[in-house]
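> quick one: sequence plus predicted model below, questions after.
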Amino acid sequence: MRTDIAQTVRLEDYRPSDFLIDRVDLDVRLHPTATRITATLSLRPNPKGRADAPLTLDGDEVSLKAVALDGRALPESEFEASPQSLTITQPPRGPFTLTIETEIDPTSNTKLMGLYRSSGNYCTQCEAEGFRRITYFLDRPDVMAVYTTRIEAERDEAPVLLGNGNRVEAGSLEGTSRHYAVWHDPHPKPSYLFALVGGRLGRVAKSFTTMSGREVELAIYVEPGKENRADYALDALERSMRWDERAFGREYDLDVFNIVAVSDFNMGAMENKGLNIFNDKYVLASPETATDADYANIEAIIAHEYFHNWSGNRVTCRDWFQLCLKEGLTVFRDQEFSSDERSRPVHRIAEVKTLRARQFLEDSSPLAHPVRPIQYREINNFYTATVYEKGAEIVRMLKALIGPADFRRGMDLYYERCDGTAATVEDFLAAFADVTGRDLSHFARWYAQAGTPRVTVKGTFDAAARTYRLDFTQETPPTPGQPTKEPMAIPVALGLVARDGSAIEAVSDRVNAEGVFVLDKASDSLTFTGVSAHPVPSLFREFSAPVKTILDLSNEELLVLLRHDSDAFNRWQAAQTVAMRLLAARSTGKAIADSDVADLATALRAFMETDALGDPAFAALVLTLPSEADIAQDIGRDVEPDMIHRARKEMRRRIGQACIETLRHFRDSLSATGAYSPDAASAGRRALRNASLDLLAAADAALGETLAREQFETAGNMTDRLAALSTLMTLPGDAREAALARFEESYRDEPLVLDKWFTLQAMIPEDGTLERVKRLMEHPGFSMNNPNRVRSLIGSFAMLNQVQFNRQDGSGYDFLADIVLRVDELNPQLAARLLTSFSSWRMMETKRRTHAKSALSRIAGKPNLSRDVSDIAARSLAEQQGQ
Ligand SMILES: [Zn+2]
C-alpha cells in the first residue's frame, strides 16, 4: 500500500506533454508471478511542450530491470527510477528510442488494474491509469501512439493470445513449450486503450460485412463450456454495429473485433481498441441463468463499448477532465440504440429512474461535482453517475435544442474534425455551434455547474381572455465549491391537456415546432392564447431536462394526466408524483386523507383495466411505487428510514387490495406460452405478471405466498423464478427459507446466479439481515477478492437496503466501514465504490447522522489508506459550503 497525500490535479493546470510517443513496440513474456515486458518507445520532443524539460515517465509498482537509449544501456547516473516514475534527466533534443525492461507479478495484483489474472487467465485493465502498472510510460490520454504487441506464453497455460488491432504473426518457439502472437493496431491510441489477453478460452464467432463491404470477424471468448451463453451478446454486437452505421454513419475499422469475458473485473466492461474486455456478467446469458434485465443490460453494454470505437477511441479525450466527452456521449448513443430496439417510453422511464436514484442523489450529496470536474485527487473516483448519466442528458438536451437534423450534421463535423485526436468539450460544442450558427456558451454551463436545478411552475387560466399563462422560476442549490449558481438553459418540452382528454389547439410563440420552450433565465413566463377551458399542463415531456420540478397541480389534475396525456413518460410521472406526495407525507408523520390514497388506487385500477395490456412493460412501471431511497431523497432531511418503509408497505397493501381482481387476472392470463424469448414484448408481459404477483403478496400475504411458491417451483426461466423468490423475500417464514435453500442447491456452481441469491437476501428489510449478510460472507461461493461477489452481497446491503444499512444503532454503518477498510488493502477502487453508499448520510435524522459520521471518521483516520478511499472519505466529511 502507499498513501499519497495526493496532489490535487487541476484542469486549469493542463499543459501539453513535453514529449510525444509515435510508436510503441511491446514484447510481453507472460509468467504467473514474473512477467517480463520490454517496451521500445519511439519518442520525440513535443513542439508544443517545454524545451529542455527532462523526460518523466509514470510508473506504479513496476520493477525496472534495464533501460537503454538508442540502443545504449544507460548508467544509473543518467536516470532516476522508483516504482512510481522513471526520469531521464538529459534526454536528446531530437527523436530517440527508449527501451525499458520491467517485471511485474500478475498473480498478486488484486487491484485488478494493469495486468492481472482472473480464473488463471491473463488480462488487462488500463483505464484510467493502469498502463503504468505494466511499464513506465507517458500515461495520459493525449499521448497517442501506434502499438505493436508481441505476446509470448506457455502454450498449455495460455493457448489463446489476443492483443489490440489485427493479428499479423503467430507461431511456436522451436524446442520449447512456448508460443507467441504478434498484434498490430494501425490506429494511434492512448495507453488507456491498450489490452492483452492470454488464457484458456472457448470462442464463438461470426462474420460481419460493413456498409462499405469490408469483412470483419466478430468473436467472443468465454470460459470453456460456456460458449452457448455468448450467443445473445454476439447477436447484440452485430445489431450495434449495424445501428451505428445507420444512425450515425460510423463503420468499424479493423479486420477483427474481439470481446473477452472475465470473472474478476472492477467495472462493467472496457472498450480497448479491437479487444473489449467484459465483466462476464455482461456477456453470459441463458434463459436458465439470466433474467430479462440481464439480457437488456448485456445488449446495452455490448452496444456501449462498441460505440466507443468512434466516441472515445477514434476521437479520444485530451485529459481526464474531459471524461464526459466520451462517456456522456456514448451513454446517450447506447440509450438511443436500446430505445430503437425496445419500447422508447419504457426505456426512457428506466433511464430517468436510474438518473434520479444515482445522479440526483450524488448531486445532493457531499460528492456532488460538475459533469466536467475542475479538479480531482483520484480520477478513478470520477467514473460517476454525474459524468455518465448527466453527461448523456446534456447531449440529449443539445439534440432537443438544435433538432435532430442539425444534431446529426454536428456529430458528423465533430468526427471529421477530431478523428485521430484527443479532444475537449469545447471541440465537441464547436461542431454544433458551427453547423447551426448558434452561440452555445450559455448551454455549456451544464458541463461546469454542479447540482440539480429546481424548476417551479405555476399556471394561471384567464377564462375571459381565453389565455393560459405558465410562470417558471429556476434555482440550483449550492454544491461543494459552488455556493452560488447561474441560471441554466433548460429545454421544457410541453403541451396542454384538457380535463376530458380532448385535444387543445393552443398556441404560444415561445414554443417551437417540436413543442419545446427554452427557460434560460432565473424566471420567465409564456402565455398560450385561444384556450377555451382550464387545461392541465404537461411539462418536461419525455423528461426533457435533468431537473426537479415543483408543480402547483392538484392530485386530481395529475391523475388527469395519468389518464389522458399523449406523452407516456408524463403519464407514468403523474402517478409517481401523486404517490410520492402521499408517501413523503406519511413518512414524515403528516396526516393524509384516506380518500387521497383511495383516489390513487382507483386511478391505477382504471388505468390497468383499460390501458395496461397495450404496453405491459409500461404498465409494470406504472404499478411500481417510488423506492424507499427515492422517498428519502424527496424528503431530503431528518429522514427516518423505518417510517418510509412502513409507509410504502402500507400503501402497497392498499393499492394491491383495491386492484386485487385485476392483478389476479394479469398474474393468471399473462403466463408464458412456448419457449422463453428475451425480446422486449415477451419481457414486458413477464414484467407485468411479476409486478402483479408482488402487489398481490402485499395485499394478501397468504395468497401471495401460495402463488409465489408455485411459480418458484414451476418457472421455466430465471426471470420468473427470481421474481417469485423476490416476492417470497417480503414474506418472512419457512417457505422463504426453503425456497432460498432450494435455489442455493440448484445454482451453487453458477457464480453469476449465486450473486442474485446473495443480493435478494442482503435486501431483506428485517432485523437479522446484517447477521445474515455476515453469515453469507462465509459461504464457499463468496470471495472478498471478486468484485461481483462483494457488490452483490455487501454492495446490495449498503445501497439497496435502506432500513437495515441505515439502522438507528449504527451497526450497518460500522459493518460497512470494517469492510471498506478490509477491501481497501486488496482493491482500492472497489473499496471506494462501496464507500459511496454513505452518499445520503447527511439527510438522515440526528442519531443516524452521528453514527455515520463516526464511521466515516474512523475510515478517514486510518493510516495508509489508498488514495481512492481517503479521497471519498474526506469529501464525504467535508462541511458543505453555503448549506
Ligand atoms: Zn464507457
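Received the coordinates, thanks.

> relative to the centre of this structure, find the outermost residue for me.
When distances are taken from the C-alpha mean of the chain, residue 464 lies farthest, 51.0 Å away, according to Cα atoms, centre = their mean.

> get me the contact residues on this structure for the ion.
Within the chain, the residues that sit near the ion (Cβ under 5 Å from the ion) are 327, 330. Heads up, the C-betas are built off the backbone N, CA and C, glycines and all.

> skip the chain neighbours and tell me the closest residue to the closest residue to the ion within the stretch 51-200 of the chain.
Closest residue of the stretch 51-200 of the chain to the ion, Cβ to the ion: residue 127 (8.8 Å). Nearest non-adjacent residue to residue 127, counting by Cβ to Cβ, 6 or more residues apart in numbering: residue 192, 4.2 Å away.

> now for the one you found: which residues touch it?
Counting by Cβ atoms under 8 Å, 6 or more residues apart in numbering, residue 192 touches 126, 127, 128, 129, 130, 131, 139, 141.

> how about residue 510?
With the criterion set at Cβ under 8 Å, 6+ apart, residue 510 makes contact with 517, 526.

> what's around the nearest residue to residue 806 once chain neighbours are set aside, how many residues?
Among residues not flanking residue 806 along the chain, residue 641 sits closest, at 4.6 Å (Cβ to Cβ, 6+ apart). Counted by other Cβ atoms under 10 Å, the residues lying close to residue 641 total 26.

> can you classify the residue farthest from the centre of the chain by secondary structure?
coil (DSSP: H, G, I helix; E, B strand; the rest coil).

> what residues are up against it?
Counted by Cβ under 8 Å, 6+ apart, residue 464 has zero contacts.

> do residue 652 as well
So residue 652 contacts 625, 695, 698, 699 (Cβ under 8 Å, 6+ apart).

> could you rerun that using 10 Å?
579, 623, 624, 625, 694, 695, 697, 698, 699, 730 (Cβ atoms under 10 Å, 6 or more residues apart in numbering).

> touching, residue 234 and residue 220? I think so.
Yes - Residue 234 lies in contact with residue 220 (Cβ atoms under 10 Å); the separation is 5.4 Å.

> more neighbours: which of these two?
Comparing residue 234 with residue 220 by other Cβ under 10 Å, the one with more neighbours is residue 220, at 27 against 20.

> give me the secondary structure label for the more buried one.
Under three-state DSSP, residue 220 falls in the strand class.

> for it, which residues are in contact?
Contacts of residue 220 by Cβ under 10 Å, 6+ apart are 201-206, 227, 229-231, 233-234, 237, 257-261, 276, 278, 283-284, 302.

> give me the low-pLDDT residue ranges for the stretch 251-400 of the chain?
For the stretch 251-400 of the chain, no stretch is flagged by pLDDT under 70.

> one more: the chain?
For the chain, the stretches flagged by pLDDT under 70 are 1-6, 672, 880-883.

> please repeat the previous calculation with a cut-off of 90.
Along the chain, segments meeting pLDDT under 90 span 1-7, 501-507, 512-514, 671-674, 879-883.

> I'd say residue 823 and residue 798 touch.
No - the pair residue 823 / residue 798 is not scored as a contact, 11.9 Å apart, by Cβ under 10 Å.

> who touches both of those two?
Shared contacts of residue 823 and residue 798, defined by Cβ under 10 Å, 6+ apart, comprise 834, 835.

> thinking again about what came up before, who touches both of residue 234 and residue 220?
With Cβ under 10 Å, 6+ apart as the test, residue 234 and residue 220 both reach 204, 205, 206, 227, 259, 283, 302.

> ok so, going back, roughly how far apart are the residue nearest to residue 806 and the ion?
According to Cβ to the ion, to the nearest Å, residue 641 stands 33 Å off from the ion.

> now do the same contact list for that residue.
The neighbourhood of residue 641, defined by Cβ under 10 Å, 6+ apart, consists of 587, 628-629, 631-632, 765, 801-808, 812, 840, 844-845, 848.

> if we use 6 Å, what do you get?
802, 803, 806 (Cβ atoms under 6 Å, 6 or more residues apart in numbering).

> what's the neighbour count on the residue in the stretch 651-800 of the chain positioned nearest to the ion?
At 17.1 Å from the ion, residue 787 is the closest residue in the stretch 651-800 of the chain, using Cβ to the ion. By the criterion of other Cβ under 10 Å, residue 787 has 25 neighbours.

> just send the contacts of residue 192 back as CSV, with neighbour count too.
Output for the contacts of residue 192, formatted as CSV (neighbours: other Cβ atoms under 10 Å):
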residue, neighbour count
126, 25
127, 24
128, 19
129, 20
130, 25
131, 29
139, 23
141, 23
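
> quick revisit: among the contacts of residue 220, the buried ones, what's the ChimeraX command?
Selection of buried members from the contacts of residue 220 for ChimeraX, criterion 16 or more other Cβ atoms under 10 Å:
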select :201,202,204,227,229,230,233,234,237,257,258,259,260,261,276,278,283,284,302
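
> by neighbours, which of the contacts of residue 641 wins?
residue 806 (26 neighbours).

> what distance do you get for it to residue 305?
Distance, residue 806 to residue 305, using Cβ to Cβ, to the nearest Å: 35 Å.

> what does residue 787 give?
Separation of residue 787 from residue 305 (Cβ to Cβ): 18 Å.

> ok, residue 36 touching residue 28?
No - contact between residue 36 and residue 28 fails when scored by Cβ atoms under 6 Å: they sit 7.6 Å apart.
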